[in-house]
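S.K.: Here's a sequence, model it:
(one chain, ligands or ions: 1)
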Amino acid sequence: YNKVLEYIYNRIEEYQLSDDNVDGYNRLRDEYNTNRKPLDLFVLISYSFNHQIRFNNNHQFNNPFGKYRSSFNNSIKNNLENFINRMQSLNIDFSNENFECFNFDFFNEDDFVYCDPPYLISKGTYNDGKRGFTGWNKNNEIILLKTLDNLNKRNIKFALSNFLIHNGKRNDILKEWISYNKYNIKKIYSNYDNSYYNKKLLSKTQTIEILVTNYKINYLNIDGNINNLFFDMEI
Ligand SMILES: C[S@@+](CC[C@H](N)C(=O)[O-])C[C@H]1O[C@@H](n2cnc3c(N)ncnc32)[C@H](O)[C@@H]1O
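M.R.: Numbering: from 1, shown residues only. You can find the predicted model right below:
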């Protein structure tokens with residue numbers, strides 16, 4: 001953690017990063033797009049608009065500066081410290097393989113699979129197949145749901161989060177799949193207050209975000225935040 005923190009503070013010093021120095025931010029962005037050091041990307045995201053990770057078609061990071069809003073603040077610093085400590089206390093393998101290529105063969109009944117895919121009926125920056133992402137369409141959705149059915153057949157527990165309804169649109173593929181397989185479903189009340197961008201787009205009457213599981217859950221409170229409660233629902 002100390003090594004990582006030292007690197008970050010050196011970068012902040014070198015580029016005079018602050019919540020109003022757009023020039024320093026742009027210079028670090030150029031540096032990252034030339035040398036692609038992962039920690040530079042982390043520093044950039046700390047200062048970028050809504051902390052988003054966005055690229056152009058040449059895979060160059062192009063998210064603008066988050067003037068007066070984004071900086072390497074105490075909250076990011078604490079999360080980083082907790083994250084690094086937790087990673088170092090566990091034996092973890094990370095894989096960046098697409099789920100279609102990922103080998104689930106070595107999973108057994110003691111394993112748990114959580115999927116947080118792009119939402120078919122919303123417009124994430126990674127949904128449309130531009131800016132360096134492969135995109136997400138009905139085909140991907142169906143392959144993912146089949147993958148989960150296969151896990152279910154092998155008694156491996158899964159959870160899938162998704163939008164059932166968003167801005168008046170309904171994900172019928174998801175709805176039919178849940179009904180047909182009689183999977184469990186919980187409505188998620190999310191707190192989007194930290195994101196101006198999402199707050200503008202979402203309203204609770206238009207959006208139903210759900211968690212689908214192949215096992216019964218009674219009550220969940222994901223992060224201790226009262227705004228993230230789950231309630232039973234039927235579709
Ligand atoms: C709802 S986000 C998940 C966010 C993640 N849980 C997190 O906390 O950072 C959906 C993710 O799916 C990825 N994605 C987009 N298209 C994909 C594809 N065709 N195959 C696999 N993953 C894809 C996106 O890059 C994005 O990170």
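S.K.: all contacts plus neighbour counts: C-alpha atoms, from now on.
M.R.: Fine.
S.K.: Pull the number of nearby residues for residue 22.
M.R.: Each residue near residue 22 was counted by other CA atoms under 10 Å, and the total is 17.
S.K.: Now do the contacts for it.
M.R.: Counting by CA atoms under 8 Å, 6 or more residues apart in numbering, residue 22 makes contact with 65, 67.
S.K.: any weak-confidence spans in this structure?
M.R.: Scanning the chain for pLDDT under 70 picks out 189-206, 218-235.
S.K.: Could you list the contact residues of the protein toward the ligand?
M.R.: Contact residues, the chain versus the ligand (CA under 6 Å from any ligand atom): 98, 116, 117, 118, 126, 134, 135, 136.
S.K.: what about the first one, which SS state?
M.R.: If I follow you right, that is residue 98. Three-state call for residue 98 (DSSP: H, G, I helix; E, B strand; the rest coil): coil.
S.K.: what's the spacing between it and residue 117?
M.R.: Taking CA to CA, to the nearest Å as the measure, residue 98 falls 11 Å from residue 117.
S.K.: Looking at those two, which is more packed in?
M.R.: residue 117 (15 against 7).
S.K.: Excluding covalently adjacent residues, which one is nearest to the spatially most central residue of the chain?
M.R.: Residue closest to the average C-alpha location in the chain (CA atoms, centre = their mean): residue 116, at 6.9 Å. Closest residue to residue 116 apart from its sequence neighbours, by CA to CA, 6 or more residues apart in numbering: residue 161 at 5.4 Å.
S.K.: And that neighbour, which helix or strand is it part of?
M.R.: Using DSSP states H and E, residue 161 maps to strand 157-166.
S.K.: Residue 150 belongs to a helix, doesn't it?
M.R.: Yes - according to three-state DSSP, residue 150 belongs to a helix.
S.K.: Could I get the full set of helices for the chain?
M.R.: All helices of the chain, identified by DSSP state H, fall at 2-14, 22-35, 38-47, 74-89, 138-153, 172-181, 196-201.
S.K.: Please name the residues that touch the nearest residue to residue 18 once chain neighbours are set aside.
M.R.: Excluding its sequence neighbours, the residue lying closest to residue 18 (CA to CA, 6+ apart) is residue 71, at 6.3 Å. Shown in contact with residue 71 (CA under 8 Å, 6+ apart): 18, 19, 46, 47, 48.
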